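Asks: Fold the following, please.
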Amino acid sequence: MEQTEPAPAAAVPARPAGRRRFDRMGRLLALLVERPVSLYAAAVLRIGYGLLYLVFLLREFPHRDEIWGPGSPWTPALARQLFDQTEWFSILTLSDSRTYFEACYASAVVTSALFMLGWRTRVMSVLFAIIVASFHARAVFMTDGGDNLFLLMAVYLVFTACGRRWSLDARRKARAAGDGSRRRFREFREFRETASTVLHNCGMLVIAAQVCFLYGSAGLYKVQGGSWGNGTALHYVLNLDLFRPWPALSLLLDEHPVAVAIAGYLTVLLQVAFPFVLFGRLKYPVLIMLVSLHLGIAVLLGLPVFSGVMVVADAVFLPDRFYRSLRCLFSRTSRPPGSGRTRAPVRGEPALVPAQSGPSGPDSPTGKHPPTSRRPVGPGGDCVPPRH
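Replies: Here you go, the predicted structure:
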């Protein structure tokens with residue numbers, strides 16, 4: 001019998017380059033519209049900046065009048081003259097009354113606390129941005145780079161859904177969803193969810209781009225300096241009296257010039273390379289080293305606000321699965337020891353597990369498999385600890 005050769009398989013035509021670019025743009029658009037990204041990172045930014053500004057206001061409470069109040073050398077009248085030229089605005093200059101200033105300061109403290117807790121986050125985020133901008137503009141000559149970044153982040157957070165995780169709003173929404181109440185205005189709700197998702201994703205993208213630009217530009221500016229090139233920059237920084245809260249510690253570190261030079265070169269390398277390591281696993285050790293760098297700045301140079309702003313901003317690059325794993329770890333460690341064990345019932349006490357009627361399975365008379373127990377999973381893949 002004569003054998004016939006199999007017919008060659010038809011070649012799959014390759015898609016044109018324009019179609020591939022169109023598909024790629026479609027996937028990016030779906031990522032932008034379908035679901036919000038980095039919700040836990042946004043919550044960390046909200047909690048971190050709210051707590052940081054609350055601590056800052058409480059720390060400067062004894063000096064509030066000299067910095068922002070009517071008793072400041074930079075009087076409200078001078079501030080208003082500057083605002084006429086720069087087109088800035090501050091609610092603190094609307095009145096020269098001391099009572100009005102005290103009410104604004106108390107409102108700033110309360111708003112920072114509520115924003116940190118995530119109560120009515122949409123409204124509180126707008127009020128928080130107005131307060132940060134007002135205090136920043138009132139004492140603009142006393143601000144630094146950390147205050148500028150703080151102001152930018154406060155404005156960016158207005159557009160994010162930073163209250164959907166780890167907030168009072170999220171707890172209230174979860175309880176309302178469990179009530180099974182009837183939803184009305186479905187079309188309006190869907191439109192609002194889509195618009196909120198787009199604004200949130202764009203806001204988180206802008207925050208990440210801002211941090212990348214900050215690190216990259218800082219590293220490139222350092223490269224242009226001669227003191228950073230020869231490794232002596234940190235030596236001069238450690239000997240500045242204005243930025244030396246612990247002189248003995250600064251002098252102790254300055255006695256090791258080789259280590260100081262290596263730290264300077266490593267600082268420049270981390271800042272320049274940071275935008276290029278975000279899409280790989282190398283970003284995790286880089287983030288750890290950057291956090292260590294900012295902690296050193298806070299201790300050695302006496303700039304805790306700047307360091308805190310940068311450390312909180314770095315949290316935007318950690319994925320949601322990292323924060324979910326932290327939540328699961330915390331739920332396991334916070335349980336009292338022995339809570340997962342069942343004790344034998346005392347005589348006369350009803351047993352926690354009822355008696356079983358007999359073995360079940362494919363060989364049993366009923367022919368049914370035993371039910372499998374699964375660990376409950378919350379919304380967004382959160383780990384929910386078992387109830388005991």
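Asks: Would you mind pulling up the elements that whichever helix or strand Arg324 is part of packs against?
Replies: Per DSSP states H and E, Arg324 falls inside helix 320-333. For helix 320-333, the contact count by 3 or more CB pairs under 8 Å, 6 or more residues apart in numbering; DSSP states H and E identifies helix 39-59 as packing neighbours. All C-beta atoms are positioned from the backbone trio N, CA, C, and that covers glycine.
Asks: I'd like the mean pLDDT over whichever helix or strand comes after the helix it packs on, please.
Replies: Later in the chain than helix 39-59, the nearest helix or strand by DSSP H and E is helix 64-67. For helix 64-67, mean pLDDT rounds to 95.
Asks: From the contact counts, what lies against helix 64-67?
Replies: By 3+ CB pairs under 8 Å, 6+ apart, helix 64-67 packs against helix 98-117.
Asks: In PDB, please show the C-alpha coordinates belonging to the helix holding Arg324.
Replies: Provided in PDB are the C-alpha atoms of helix 320-333 (Å, rounded to 0.1, in the frame of the first residue of the first chain):
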ATOM      1  CA  ASP A 320      -0.100  44.800  47.000                       C
ATOM      2  CA  ARG A 321       0.900  41.100  47.500                       C
ATOM      3  CA  PHE A 322       3.700  42.400  49.800                       C
ATOM      4  CA  TYR A 323       1.200  44.300  52.000                       C
ATOM      5  CA  ARG A 324      -1.200  41.400  52.000                       C
ATOM      6  CA  SER A 325       1.500  39.000  53.200                       C
ATOM      7  CA  LEU A 326       2.300  41.500  56.000                       C
ATOM      8  CA  ARG A 327      -1.300  41.500  57.000                       C
ATOM      9  CA  CYS A 328      -1.500  37.700  57.100                       C
ATOM     10  CA  LEU A 329       1.700  37.600  59.100                       C
ATOM     11  CA  PHE A 330       0.400  40.100  61.500                       C
ATOM     12  CA  SER A 331      -2.900  38.200  61.900                       C
ATOM     13  CA  ARG A 332      -1.000  35.100  62.700                       C
ATOM     14  CA  THR A 333       1.400  36.700  65.200                       C
END
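Asks: What residues sit buried inside that helix?
Replies: With burial defined by 16 or more other CB atoms under 10 Å, the residues of helix 320-333 counted as buried are 320, 323-324, 327-328.
Asks: Just give me the least confident of those residues.
Replies: Per-residue pLDDT puts Arg327 lowest of the buried residues of helix 320-333, at 77.
Asks: Mean confidence (pLDDT) on stretch 213-223, please.
Replies: pLDDT averaged over stretch 213-223 gives 93.
Asks: for stretch 91-102, that is, sorry about that
Replies: Mean pLDDT, stretch 91-102: 94.
Asks: Not counting that stretch itself, show me its contacts.
Replies: Residues from elsewhere that reach stretch 91-102, judged by CB atoms under 8 Å, 6 or more residues apart in numbering: 64-65, 68-70, 76-77, 79-80, 83, 104, 130-131, 134-135, 138.
Asks: run the last query once more with 7 Å
Replies: By CB atoms under 7 Å, 6 or more residues apart in numbering, the residues outside stretch 91-102 that reach it are 68-70, 76, 79-80, 104, 130, 134, 138.
Asks: Leaving out chain neighbours, which residue sits closest to His136?
Replies: Residue nearest to His136 in three dimensions, not counting chain neighbours: Leu151, with 5.1 Å by CB to CB, 6 or more residues apart in numbering.
Asks: isn't the one you found right up against Ile131?
Replies: No: here Leu151 does not reach Ile131: they are 10.6 Å apart, not a contact under CB atoms under 7 Å.
Asks: Of these two, which one has the most company?
Replies: Ile131 (24 against 18; other CB atoms under 10 Å).
Asks: Where does the more buried one fall, secondary structure wise?
Replies: Applying DSSP H and E as the criterion places Ile131 in helix 121-138.
Asks: looking just at contacts, which helices and strands does that helix meet?
Replies: Packing partners of helix 121-138 (3 or more CB pairs under 7 Å, 6 or more residues apart in numbering; DSSP states H and E): helix 98-117, helix 145-157.
Asks: if we go to 8 Å?
Replies: Packing partners of helix 121-138 (3+ CB pairs under 8 Å, 6+ apart): helix 39-59, helix 76-86, helix 98-117, helix 145-157.
Asks: Quick check: buried residues in that helix?
Replies: 121, 124-138.
Asks: Which member of those residues is positioned nearest Ala177?
Replies: Nearest to Ala177, judged by CB to CB, of the buried residues of helix 121-138 is Thr121 at 17.2 Å.
Asks: Quick check: mean pLDDT of stretch 124-137?
Replies: Regarding stretch 124-137, the rounded mean pLDDT is 97.
Asks: cool, and stretch 156-176?
Replies: In this model, stretch 156-176 has an average pLDDT of 92.
Asks: Neighbours of the residue nearest to Met124 when sequence neighbours are not counted, how many?
Replies: Distances taken as CB to CB, 6+ apart put Phe115 closest to Met124, at 4.3 Å, once the chain neighbours are dropped. Each residue near Phe115 was counted by other CB under 10 Å, and the total is 31.
Asks: And Phe115, how close does it get to Ala261?
Replies: Distance, Phe115 to Ala261, using CB to CB, to the nearest Å: 42 Å.
Asks: Off-centre distance for the helix holding Ile131?
Replies: Relative to its parent chain, helix 121-138 has a centroid offset of 18 Å by CA atoms, centre = their mean, to the nearest Å.
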